[in-house]
Structure formats: structure tokens, C-alpha cells
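Participant: Kindly return the folded structure for what I paste below:
(one chain, ligands or ions: 1)
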Amino acid sequence: MVASRAILDAAATRANPSNADVVALDRANVFHSWSAQKSLNPLAIAGGSGSTVWDHDGNTFLDFSSQLVNTNIGHQHPKVIAAIAQQATSLATVAPAHANHVRGTAAAKILSHAPANMEKVFFTNGGADANENAIRMARLHTGRDKVISRYRSYHGNTGAAIAATGDWRRISNEYARGHVHVFGPYLYRSEFWSQSPQQETERALHHLRRVIQAEGPQTVAAVLLETVPGTAGILVPTPGYLEGVRALCDEYGIVMILDEVMAGFGRTGDWFALDAFNVTPDLVTFAKGVNSGYVPVGGVIISDEIAATFDERVFPGGLTYSGHPLAAASVVASIEAFEEEDIVGNAARIGSDHLEPGLRALAEKHSVIGEVRGRGVFWALELVQDRTTRTPVAPEYMGRLKIELLQRGLLPFIADNRIHVVPPAVVTAEEVEQALSIYDQALTAMTI
Ligand code: PLP
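Facilitator: Take a look at the predicted model:
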């Protein structure tokens, strides 16, 4: 063991490591998320620019994953990099208790694009702890305990956030109490035998109402929903669903939390995904696209009403790096670049003029595509063995498809039986055309 460690240290210090050096170094030393470790063979990434990344052996890839759906501004945006460097030279860290100019500016910039009832920002290190603290605020504000969230959702990898999550990642981590799950709208695989979007909305809302009643409305602190569930399949809510949830929350005095960690900051072609709906939440959580993850950051946007709860009362929560200045500087620069370059508008136009028609044309050609859904730069292709039964393609199919895509120079985002087509919000029409051609070639090369 010691000998192999010494050899790998030599690889690590090589001036121009190869992919093999980097992967060997990783496999010997790095413990990866959500994985059995032994069979892993990660892709080595050396650098990136805009919508492209490259490895150490001279291969480039169109990044249609945006990494973990977070590089909304693309890789290495010069304005954001310069702002981080500039901040690092003046004040690289500062405790959260102090007032700091760049932190205050970051909060003000975020609030300038948030719904009008939003008053304050609590900064966290990422998305999970944003949801964790939003849940805490809702519980303290209402004096109630339970949190209702969806089975098809992901809210992060901390105590309450993972218990609120709907997918397999929750099952071995359920140590927090007071979590209840419901099914939300998903017409393609309706849990409610619905035939139309209207039916799906009505039935999903009826189901939610009955769960609230059965749990005891006086015990429910919050309904926590991803505005558009992302990892679960880019499930754009059926018309009227979110508005109906808001009405139920009002009826029963429940806090509505929208998780915009993945869907926010341009991903859907709006500043926040909630902008496309007639809904005003009480708390909004964010991370990822706010600064494209150049420095870890997330947070909770807090309504005036909930902020007032903590005017006289202590909020029992905090983090050493809450509002870290490097993160704050990257947030300010990122939002300014979004404004100056109309990046949200670009995401909307790319969605309506290029991705939607291009992906629908792919579905005409390849019967393995059962459904195309999404908006902006947030799309899913649901792959099925048979369009009538809608049986998902096997995991082995998705593994082979990933290889076909990588071999043609596209880094995909694959989740279950779906390709999530999620490029940076700065992606160009030419890059989309190139990617569509690669998806086409890879699907053509596949057999079920
Ligand atoms: N919420 C949503 C919707 C997410 O997609 C994620 C991460 O993918 C999280 C929360 C957790 O964010 P983080 O990984 O920054 O803790």
C-alpha cells in the first residue's frame, strides 16, 4: 500500500499528467459520492471554457451536463474569475457576524430578481443546507413539525434535506423525523390514471389535500417542492398545480418552500423557474446557478413575513462560511454578467428556437424516445423500450449510450432511463446543433 502511494505521489507531481495518471491518483485516494467505490472509472477533466471541457489527453467534450447542472454561466467566465481573484487579494475570508460590502451586495442582487415579497437572504454553503435551514425557519415560524415533499425529488444530503428527498438516496438516511411524501404531477407516468394535464393537476392536488388532512393540518409546517423537479426527470408541473399548492398552504397556514437549487438562475429560461407560474412562495432555496459553483454557495431567500419572525427571536442556525466573500464576489459578478449579456434571455431562446424543435425532431426519428419535456436549457428525453408500455430502457442501455456520446465528444447527463439535456445557459445555437447531431448519431448506433 505504502509503495503504491509513493508511485502515485510521483504521478501527482508530474507537470503534464495524463488521464491515466489523474484517474489512478483519484482511485487510490478519493472517496466518491453515491457510489460503490471499486468499479468507478471517472472521466478526467483538466479544463474548460464556456460550454466545452477537455481532458489531459487532448480530447474535448461539449458539456451538456453543466457538470451537476450548475455551470449556468459556462466554464471560466472571465468576469466571475476576475471578481474572485480581486476579492481574494482584498479579503479572502470574514466571519458571518461582520457586515461586509460584497456579501450585502450579493444579497441585494439576488433579491432584485426574487418575488416582491422577499426581504432577506441567509447564505449557506450549498443547496442541502439551504433546504435544511428553510425547513428550520418554517418549523420555528409555524410552531409545527411536519414537512411534506414529493417522492420524485432531491433536496440534498443533510439530515432533514435527505429525509425530504423522494428518491433512493433517502432510504438509508432516514434519521430525521416529521417527513411525509406525496406524489406530484407527472402525466407521462401518472400515479392518478390521468388522461389530461387538467386531470393530473386536480388529482395531484386532491391527493395533497387528503394527505394534509390525514396528517393533521395543525402539524404541517411546510410543503417543500422543487419548482421543476430536476434530477427526478425535469417534471414541469401541469398547469395550475403550483398555484393550487399555494392555495392549500394558505388555507391551512402552511409555509410554501420552493427549491430552486437546480431550476433557478436561468436554467428554465427565467430568472427563477417560479416566474413562469402565478405563485408566490414564502421561502426560496438556491445554490448551483447563482454563481455556477465557482465557489460553493447556496442560501434561503426569506419573505418579509418569515423574516419578521426572527426580528426579536433568535434564529438558531449558522455556518462559519455563511456569506463567504469569495462566494459573494462570484455571485455579484455572475448576476451582473447575466444582466449584461442577457443570459436568461439566451436560455429562453435556445430552448424555444433550438432545443425544443431539435429534440422533438429527434423523437420523430428515434422511437426509443418516449417523451420530450422541459423548457429553457432544462430538457429530458425519456427513453423507453416500447412507446405503448412505456417500459424504461435497461440501465445497461444507458451505460452503452453514455459511451457512444462520450466517444463523439459530448459529456451527457444521464439519470435512470433519461438523458437530461442541460447545457450552460450561455450555450450557442451552433453548439446545440452540434449536440443534436451527436445525440442523433449515438441513438442511431444503439440497438435496444
Ligand atoms: N436541491 C436540488 C433541487 C438539487 O438538485 C440539489 C443538488 O443537486 C440540492 C438541493 C442539493 O444541493 P447541494 O448538492 O449543493 O447540497
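
Participant: From now on I want contacts and neighbour counts done on CA atoms only, so please keep to that.
Facilitator: Noted.

Participant: All the strands of the stretch 1-150 of the chain, in order from the start?
Facilitator: In the stretch 1-150 of the chain, the strands defined using DSSP state E, counting those that start in this stretch lie at 47-49, 52-54, 60-63, 118-124, 146-150.

Participant: Now the first one: buried residues?
Facilitator: It refers to strand 47-49. Gly48 (16 or more other CA atoms under 10 Å).

Participant: now swap in stretch 110-118 and tell me
Facilitator: Buried residues in stretch 110-118, defined by neighbour count with 16+ other CA under 10 Å: Ile110, Leu111, Ala114, Pro115, Asn117, Met118.

Participant: still on that earlier bit, looking at the strands of the stretch 1-150 of the chain, which is closest to the ligand?
Facilitator: Proximity of the strands of the stretch 1-150 of the chain to the ligand was assessed by CA to the nearest ligand atom; the nearest stretch is strand 118-124, lying at 9.3 Å.

Participant: Pipe the strands of the stretch 1-150 of the chain into CSV and attach mean pLDDT and distance to the ligand per row.
Facilitator: Conversion of the strands of the stretch 1-150 of the chain to CSV gives the following (pLDDT from 0 to 100; distance: least, CA to the nearest ligand atom, whole Å):
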stretch, mean pLDDT, distance to the ligand
strand 47-49, 98, 21
strand 52-54, 98, 20
strand 60-63, 98, 17
strand 118-124, 98, 9
strand 146-150, 98, 11
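
Participant: Out of those strands, flag the one nearest Tyr188.
Facilitator: Tyr188 lies closest to strand 146-150 among the strands of the stretch 1-150 of the chain, at 16.5 Å (CA to CA).

Participant: and that closest one, what other elements does it pack with?
Facilitator: For strand 146-150, the helices and strands in contact under the criterion 3 or more CA pairs under 8 Å, 6 or more residues apart in numbering; DSSP states H and E are helix 159-164, strand 179-182, strand 220-226.

Participant: and for it, what are the contacting residues?
Facilitator: Residues from elsewhere that reach strand 146-150, judged by CA atoms under 8 Å, 6 or more residues apart in numbering: 135, 139, 164-166, 177-184, 219-225.

Participant: what comes up buried for stretch 436-443?
Facilitator: Of the residues in stretch 436-443, Leu436, Ile438, Tyr439, Asp440, Ala442, Leu443 count as buried by neighbour count, 16+ other CA under 10 Å.

Participant: which ones among these are found in helices?
Facilitator: Using DSSP state H, the members of the buried residues of stretch 436-443 that fall in helices are Leu436, Ile438, Tyr439, Asp440, Ala442, Leu443.

Participant: Can you name the residues that contact the first one?
Facilitator: Right, Leu436. Leu436 sits next to Gly358, Leu359, Leu362 when contact means CA under 8 Å, 6+ apart.

Participant: tell me the secondary structure for the first one?
Facilitator: Using DSSP: H, G, I helix; E, B strand; the rest coil, the three-state assignment for Gly358 comes out as helix.
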